[in-house]
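K.L.:
need a 3D model of the following:
(2 chains)
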Number of protein chains: 2
Amino acid sequence: MPSDLAQLVTSLAQRARAASLVLATATTARKDAALIRLAGLIDTSHAALLAANAQDLASPEAAALTPASRDRLTLTPARLQHLAESVRAVATLPDPVGDVLEDFTRPNGLHLRKVRVPIGVIGIIYEARPNVTIDCAILCLKSGNACILRGGKECFQTNTALAALITQALAETGLPADAVQLVPTTDRAALTTLLKLDTLIHCIIPRGGESLIRYVAENSTIPVIKHYQGVCFVYVDAAADLAMAEKITVNAKASRPSACNAAEQLLVHRHVAEQFLPAVARALLAKKVELRCDAASAAIFAREKIPHTAAAAADFTTEFLDYVIAIRVVDSLEAAIATINRDSSNHSDAIVTADASTARCFLSQVDSATVYWNASTRFTDGFEFGYGAEIGISTDRLHARGPMGLRELCTHKFIIEGTGQVRE
Amino acid sequence: MPSDLAQLVTSLAQRARAASLVLATATTARKDAALIRLAGLIDTSHAALLAANAQDLASPEAAALTPASRDRLTLTPARLQHLAESVRAVATLPDPVGDVLEDFTRPNGLHLRKVRVPIGVIGIIYEARPNVTIDCAILCLKSGNACILRGGKECFQTNTALAALITQALAETGLPADAVQLVPTTDRAALTTLLKLDTLIHCIIPRGGESLIRYVAENSTIPVIKHYQGVCFVYVDAAADLAMAEKITVNAKASRPSACNAAEQLLVHRHVAEQFLPAVARALLAKKVELRCDAASAAIFAREKIPHTAAAAADFTTEFLDYVIAIRVVDSLEAAIATINRDSSNHSDAIVTADASTARCFLSQVDSATVYWNASTRFTDGFEFGYGAEIGISTDRLHARGPMGLRELCTHKFIIEGTGQVRE
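P.N.:
The predicted structure is shown next:
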């Protein structure tokens, strides 16, 4: 790659690191003031932001987007108003920095405190979504982290306009302008360089499709917190309340199929399959959900003349993100647990049952980030958990697992006070 | 690489994953029974273990080791006895699995619990140290994790003999023998394959020199918790008790120079440099510590005829791991903090001062995992922190930062109980 590009990215990361040291000890009041100022700037900059967004939407890159992606790229006055409101909402959240996590004194008199502190410099790698630019910037700012934003090329003009407002808000409230920086190029080589700057950047969060996340994971020497797919299961047990099971299945699948916490897979105990499957199938079909079936469920649907297709093997491990569900009949709780531990993505999996000991077995043995008893998988979400914010849903097991709010953007340090202690 | 080697490693990881699901819900009593049995097997297997170790020591690979590395490879009856004792000690520690970290009910009635659970499958990559084989196996076992051990080729026979005892102890107590597996080859290609098995292995912990850690970090698509170097600082402030400062400096440097928490760098405020430096220099020289000095400290030592050398630029960021210390005079607290944030490895850094507000400023602004006021950096250690065990000292900021005990070998899951809740 051209050495000037490498130099550009390195210099940007060095400035982020310097800014992070200032931001780490900034007061809550000052950080909140910058957020409030940013919200105000968004409110008064609709014309400039919409003009930048129109430039992006007219670009050849945007023309290649799917309708759904193009919609996510598009800003409107209403969406800008909502964006400003979300910035104000983060200003009202408690500051996680400084929380004392542990406080104890050792027999030798050393006083240890484990205190929550910002991670440092966080790199966010994402696609053509301008709201991610603001979301990530404000959550990093509130949690005292400097961030480096690298969005998709389809969104470059919009991101540049948004980043200018952030810089202005930071400068006007006396915080380092380098605390939030947009990588000023969408050259892939710049990203690859960025992912190796492990002495300056402490964490990478990729947000986007699987190929983006895989590229980042394979090329980064910086620790990555991944947000992979959700292949989520609903298991309807022999002892389920079937009306509840139907309501949960339909909600988990069809309330928002594009979400990672939507169900993709339905397992039904064979004792209730004859009774439950026709009912749930009709409810799903009413929501235009396609049913991809194993032999046992297909046989029931054939008899009942319910439209369905035969599942291919891959359907049983697929994140459809669409109005499609794969259905299997299982012989036992143990079979359901084994199937989920083998085929799910360990994201969010639910059991519907009225039997408490069956539920406890499922909740304990299913090895997923979030396990539900008699509730929809769709609740896996930072807001639904009461975090007040969400930077994503980690599918990793280290550091953060499940919804990530402000606290998950922090690490800790040990502060140890002594009176001259030395080690024997 | 030969496909049979890839198959061998993949099959081993698959068996580890299956074992991890069983181990995750194993009772504390059963895990502790396996540990006690292992300790007994070590006690009664001295002859076999020493014979395997003698084979390793006689190998051409061992002949190439430094005397210090060769010493760490060597087992003796006393060391085996100590190893068995350390296994029994882990059996007495509290089991971290199942701890409820949060417990709350949302307005919609959903009851959420955040519960500590094992990470799953952990890969440990290390060098020619048979004690690491046992240490890591027992800490993973106690915390409910399956582990895959890949030790140095110089240690292969010893590790194989130790692994056989672990397998026997697991099997005899009804735990899956695959919960602890040694990679049965030291072929580098097997390691590279292992580091890509990110659907089966959840965490990699490399323990060893910088080149090993860098190789692992650059080749792994599995999250890595690094244990890099410690370039630790002691800063002696203008308001320091100089007798305390001398005692702390000598302890931090010379009590065990090969440890990552040993001090490598001394900063002295110019107001006390004339008085403090000759005294601490004589104390360090009495411990055979070489002094590598900046111009200001060198001038003082020259006047006092104290032996010293001029530091090269690299000395100020070097982890000597030896009886060497680099010395600089600084003009202010701010200069000391900036120097540490630039040149340290953010591991363990100490201030000696009698001024509380100076200390608070240092503790807050120095961006290191462990910061000390009036105590030696040598206390950064899982045992000294009261963890009862240590698998290493993380120099990363994600998941674990600083000493890692049993709790740091765990993640969490969310267990959510409802009464039929669905999302609007």
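K.L.:
contact residues of the stretch 51-200 of chain A facing chain B?
P.N.:
With CB under 8 Å from any CB of the partner chain as the criterion, the stretch 51-200 of chain A meets chain B at residues A:104, A:106, A:110, A:112, A:119, A:120, A:198. No exception for glycine: its C-beta is placed from N, CA and C like everyone else's.
K.L.:
just say helix, strand or coil for residue A:156.
P.N.:
helix (DSSP: H, G, I helix; E, B strand; the rest coil).
K.L.:
now for the nearest residue to it once chain neighbours are set aside: which residues touch it?
P.N.:
Distances taken as CB to CB, 6 or more residues apart in numbering or on different chains put residue A:186 closest to residue A:156, at 5.7 Å, once the chain neighbours are dropped. Neighbouring residues of residue A:186 by CB atoms under 8 Å, 6 or more residues apart in numbering or on different chains: A:150, A:151, A:152, A:153, A:156.
K.L.:
emit the PyMOL select command for whichever of those residues are buried.
P.N.:
Selection of the buried residues among the contacts of residue A:186 in PyMOL, burial being defined by 16 or more other CB atoms under 10 Å in any protein chain shown:
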select buried, chain A and resi 150+151+152+153+156
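K.L.:
make a PyMOL selection of the buried ones in the residues of the stretch 51-200 of chain A next to chain B.
P.N.:
Under the burial definition 16+ other CB under 10 Å, those of these that qualify are selected in PyMOL by:
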select buried, chain A and resi 110+112+119+120+198
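K.L.:
from the residues of the stretch 51-200 of chain A next to chain B, which single one is nearest residue A:93?
P.N.:
Taking CB to CB as the measure, residue A:119 is the one of those closest to residue A:93, at 17.3 Å.
K.L.:
report the contact partners of that closest one.
P.N.:
Per CB under 8 Å, 6+ apart, neighbours of residue A:119: A:143, A:145, A:202, A:203, A:409, A:410, A:411, B:397, B:398.
K.L.:
ok, the second one touching residue A:408?
P.N.:
Just to be clear, that refers to residue A:145. No: judged on CB atoms under 8 Å, residue A:145 makes no contact with residue A:408 at a distance of 11.3 Å.
K.L.:
between those two, who's got more neighbours?
P.N.:
The neighbour comparison of residue A:145 against residue A:408 (other CB atoms under 10 Å in any protein chain shown) goes to residue A:145, with 29 against 25.
K.L.:
which residues touch the more buried one?
P.N.:
A:20, A:23, A:118, A:119, A:120, A:121, A:122, A:409.
K.L.:
from those, which land in helices?
P.N.:
A:20, A:23 (DSSP state H).
K.L.:
and the longest strand for chain A?
P.N.:
strand A:410-421 (DSSP state E).
K.L.:
in its sheet, which strands sit next to that strand, and in what direction?
P.N.:
strand A:111-118 (antiparallel), strand B:370-375 (parallel) (DSSP bridges).
K.L.:
hang on, the earlier thing: identify, from the contacts of residue A:119, the entry nearest to residue A:247.
P.N.:
Looking across the contacts of residue A:119 and measuring by CB to CB, the closest to residue A:247 is residue A:409, at 35.1 Å.
K.L.:
next one: that closest one from residue A:109, what distance?
P.N.:
34 Å (CB to CB, to the nearest Å).
K.L.:
pLDDT weak spots in chain A?
P.N.:
Low-confidence segments of chain A (pLDDT under 70): A:1-2.
K.L.:
outline the domain layout of it.
P.N.:
Annotated domains of chain A cover A:3-228+A:401-417, A:232-379 [automatic domain parsing].
K.L.:
now the stretch 201-350 of chain A against chain B: closest residue?
P.N.:
residue A:251 (3.5 Å; CB to the nearest CB).
K.L.:
helix or strand next in line after the helix or strand containing that residue, which one?
P.N.:
Using DSSP states H and E, residue A:251 sits within helix A:242-254. Tracing the chain C-terminally past helix A:242-254 and defining elements by DSSP H and E, one meets strand A:263-269 next.
K.L.:
show me what that following strand is packed against.
P.N.:
strand A:232-236, helix A:242-254, helix A:270-286, strand A:324-330, helix A:333-343 (3 or more CB pairs under 8 Å, 6 or more residues apart in numbering or on different chains; DSSP states H and E).
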